[in-house]
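A.B. asks: A structural model of the following input is requested.
(2 chains)
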Amino acid sequence: MSRLDLVAAAYLVAAVLFVLGLKSLGRPRTAPRGNLLGASGMLVAVLATLLDRSIVDFRILLAGLVVGSAIGMVLAVKVRMTAMPQLVALFNGFGGGASVLVATASLVEVGDQGLVDDQFAVAAALTALIGAVTLTGSMVAFTKLQEIGSLRSFPGLAVLRATMAIVAVVASVMVVTRPGDQGWMWALVAAGALLGVFGTIAIGGADMPVVIALLNSCSGVAASTAGFVLDNSLLIIAGSLVGASGLVLTQIMCRSMNRSLFDVVFGSLAASGVAPDASDVYGDRVTSTSAEEVAMLLEVAERVAIVPGYGLAVAQAQHAVRDLMRTLNDSGVEVVFGIHPVAGRMPGHMNVLLAEAEIDYERLLDMDQINPTFAQTDVTIVIGANDVVNPSARTDPDSPIAGMPILDVDESRTVVVVKRSLSPGFAGIPNPLFAADGTLMLFGDGKDAVLDVVAALLNG
Amino acid sequence: MTLLVAFTLFVLAVFLGLELITKVPATLHTPLMSGSNAVSGITLIGAMVSAGTDHSALTTWLGFVAVVLATVNVVGGFLVTGRMLAMFSARSTKRRPSVGEEPS
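C.D. replies: Below you'll find the model as predicted:
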């Protein structure tokens, strides 16, 4: 078996490990094994690549591996679970950035040798463009999630975006037609980078799960096109797998918001709907409550549902919620959690937060599981969620969120909403739930309010 | 590899990817995303070749930075996914004894 065959065989093994790994990651029991399978596939691929004959100098390569591993380890071990969305965005961006650099390095190398053909140039241009968009798009998402600065939409953004798209197309064509000219390649990278910024800068917090999933898909596509550049089967296979699975996740997120991908990226929320005036909705019908009163309600309850939203992450209230759950369990009250698919800032955000607080994932019910049970629920506690429990989505066909699947918390006997104020959620519309007859508002910081309820339960 | 062969791999892998990820419970959305994100760091093997090929200083350094970025993506991605999944499974194993004790 020649060395080339050996490398090809190793790549096949790695590809199979990636497929098995991704498949196993989709089931709770096999997920840890799936992660290990994926990591082993990567190890096999890296070791096989070291046999590649075109590698003549190992020093810089190994230095890169050591530096990258060290940074990756520190980031992965140090990050707090609440910062997980940012970290995923950051890693995504790095993957995209690596693809850009690989494509440009190849284009320079092959260009210097005068061996660029059309297929190579098209693939390199695509990789540079998609990779650059992924890199800067992820960085913008990172700054938004980390709350650094305040990037937002500005007048003329649509024009700038369109201009940059045209520049990117022109530069791509020039890269293909004049491959010897490296200037166009850098122009393409720059245009892609700006396109990534302008494409994500207007995207609001509640759309983040969609954007993160989409960027994840893009980083896979960039790796796949890089495979066409390098004529590498493993890059094509692994990249396409990730690109496709990322797209599935993106679609799940879009469906959960009843919005198309186009609407999310081009930001046309509320374009069709009319939001009612807040004072009309709330009037003087909002009932405020106290921690003691909530504790009394909970004491006589048999079944309690807790519905968390992004506010739970902001208030870092996951441990307080766990304490509440345990206190209630001790007095024989059944507690479940209702998780909306887009609650939080990334797909599955609430699940990760609650898992960190050692809450069993079997208690976390998906929307389809929990919705039929709200009618038999005595008290539902909504913490830091707003639009995903807004009954307007069901009842008001003119609402901007009309048709969005929501958690039907208003069907439970009593709803307690823990919230700082009556301010609207991301969609910018008032929530009739807050003024409903069965709803009590517990105003305050999510963590403090929940701890107050726990204290009242223990004292009472 | 001819373009057609490469394209065949691409199309088949896309279909495979679409089929693999159906009916994933929400609990696993984040680990699945960060795990697949780590897999997309496969660009690493291309970066290694760029960094190791003795073509020019420019390509070597582009390759070096690419190796660093991709390695952060790969190592960090798999580690953080493992950390998350450990949180999920730690409790299911912890619970098992108590379930077994119930009959006695």
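
A.B. asks: So, low pLDDT: which residues of chain B?
C.D. replies: Where chain B drops to pLDDT under 70, the residues are B:90-104.

A.B. asks: can you give me the helices for it?
C.D. replies: Secondary structure of chain B (DSSP state H): helices located at B:3-20, B:29-39, B:43-52, B:57-71, B:77-101.

A.B. asks: Is the second one positioned near chain A?
C.D. replies: What that stands for is helix B:29-39. Yes - Helix B:29-39 is in contact with chain A by CB under 8 Å from any CB of the partner chain, via B:His29, B:Thr30, B:Pro31, B:Leu32, B:Met33, B:Ser34, B:Gly35, B:Ser36, B:Asn37, B:Ala38, B:Val39. In short, each C-beta sits where N, CA and C put it, glycine included.

A.B. asks: Can you get me a residue count around the last one?
C.D. replies: Residues lying near B:Val39 (other CB atoms under 10 Å in any protein chain shown) number 31.

A.B. asks: now the fourth one
C.D. replies: One way to gauge burial is a neighbour count; for B:Leu32, by other CB under 10 Å, it gives 29.

A.B. asks: Is it correct that it is in contact with A:Ser24?
C.D. replies: No - between B:Leu32 and A:Ser24 there is no contact under CB atoms under 8 Å: 10.1 Å.

A.B. asks: Quick one: residues contacting A:Gly41.
C.D. replies: Listed by CB atoms under 8 Å, 6 or more residues apart in numbering or on different chains, the contact set of A:Gly41 reads A:Val13, A:Ala14, A:Ala15, A:Val16, A:Leu17, A:Phe18, A:Gly21, A:Ala238, B:Val39.

A.B. asks: measure the fifth one to A:Ala436 for me?
C.D. replies: Right, A:Leu17. Separation of A:Leu17 from A:Ala436 (CB to CB, to the nearest Å): 52 Å.

A.B. asks: what's the answer for the second one, then?
C.D. replies: For A:Ala14, the distance to A:Ala436 equals 55 Å [CB to CB].

A.B. asks: Repeat that for A:Ser423.
C.D. replies: Per CB to CB, A:Ser423 is found 18 Å from A:Ala436.

A.B. asks: Who has more neighbours out of these two?
C.D. replies: Between A:Ser423 and A:Ala436, counting by other CB under 10 Å, A:Ala436 is the more crowded of the two (17 against 10).

A.B. asks: Can you get me a residue count around the nearest residue to that one once chain neighbours are set aside?
C.D. replies: Counting by CB to CB, 6 or more residues apart in numbering or on different chains, A:Asp410 is the residue found nearest to A:Ala436 once chain neighbours are left out, at 5.8 Å. Neighbourhood size, A:Asp410 [other CB under 10 Å]: 20.

A.B. asks: got the contact list for A:Asp410?
C.D. replies: Contacts of A:Asp410 by CB under 8 Å, 6+ apart are A:Phe374, A:Val389, A:Pro391, A:Leu433, A:Ala436, A:Gly438, A:Thr439.

A.B. asks: The same query, at a cut-off of 7 Å, please.
C.D. replies: If you count contacts by CB atoms under 7 Å, 6 or more residues apart in numbering or on different chains, A:Asp410 has them with A:Pro391, A:Leu433, A:Ala436.

A.B. asks: do A:Ala39 as well
C.D. replies: Contacts of A:Ala39 (CB under 7 Å, 6+ apart): B:Phe78.

A.B. asks: secondary structure element for it?
C.D. replies: In the assignment (DSSP states H and E), A:Ala39 maps to helix A:31-49.

A.B. asks: could you point out which element follows the helix or strand harbouring A:Leu324?
C.D. replies: According to DSSP H and E, A:Leu324 maps onto helix A:318-330. Per DSSP H and E, the first helix or strand lying C-terminal to helix A:318-330 is strand A:334-339.

A.B. asks: could you check the angle strand A:334-339 makes with the helix or strand just after that following strand?
C.D. replies: Per DSSP H and E, the first helix or strand lying C-terminal to strand A:334-339 is helix A:349-356. Angle, helix A:349-356 to strand A:334-339, by axes from the mean of the first three to the mean of the last three CA atoms, to 10 degrees: 140 degrees.

A.B. asks: Show me what helix A:349-356 packs onto, helices and strands only.
C.D. replies: helix A:310-315, helix A:318-330, strand A:334-339, helix B:29-39, helix B:77-101 (3 or more CB pairs under 7 Å, 6 or more residues apart in numbering or on different chains; DSSP states H and E).

A.B. asks: Quick one: residues in contact with the next helix or strand after that helix.
C.D. replies: For helix A:349-356, the following helix or strand on the C-terminal side (DSSP H and E) is strand A:364-366. For strand A:364-366, the external contacting residues (CB under 7 Å, 6+ apart) are A:Val336, A:Phe337, A:Gly338, A:Ile339, A:Asn351, A:Leu354, B:Pro25, B:Ala26, B:Thr27.

A.B. asks: and the fourth one, what are its bridge partners?
C.D. replies: With DSSP bridges applied, A:Ile339 shows beta-bridge pairing to A:Asp366.

A.B. asks: Could you pull up phi and psi at A:Thr289?
C.D. replies: Dihedral angles phi and psi of A:Thr289 (degrees, to the nearest 10) take the values phi -130, psi 180.

A.B. asks: Look up how far chain B lies from the closest residue to it other than its chain neighbours.
C.D. replies: Take A:Thr289 and drop its neighbours on the chain: the residue closest to it by CB to CB, 6+ apart is A:Leu440, 3.9 Å away. Between A:Leu440 and chain B the computed distance is 28 Å (CB to the nearest CB, to the nearest Å).

A.B. asks: mind listing what A:Leu440 touches?
C.D. replies: A:Thr287, A:Thr289, A:Thr414, A:Val416.

A.B. asks: at 8 Å instead, please
C.D. replies: Residues in contact with A:Leu440, defined by CB under 8 Å, 6+ apart, are A:Thr287, A:Ser288, A:Thr289, A:Glu293, A:Val294, A:Leu297, A:Thr414, A:Val415, A:Val416, A:Val417.

A.B. asks: just for the stretch 301-450 of chain A, where's the confidence low?
C.D. replies: A:426-427.

A.B. asks: ok, the residue in it that chain B sits nearest to - contacts?
C.D. replies: Chain B sits closest to A:Gly348 of the stretch 301-450 of chain A, with a gap of 3.1 Å, by CB to the nearest CB. Applying CB under 8 Å, 6+ apart to A:Gly348 gives the contacts B:Ala26, B:Thr27, B:Leu28, B:His29, B:Thr30, B:Pro31, B:Leu32, B:Met33.

A.B. asks: And those, which is closest to B:Leu16?
C.D. replies: Nearest to B:Leu16 among the contacts of A:Gly348 is B:Leu32, at 15.3 Å by CB to CB.

A.B. asks: ok, the residue of the stretch 51-200 of chain A found nearest chain B - how many residues close by?
C.D. replies: Per CB to the nearest CB, the residue of the stretch 51-200 of chain A with the smallest distance to chain B is A:Gly68, at 2.5 Å. Neighbours of A:Gly68 under the rule other CB under 10 Å: 28.
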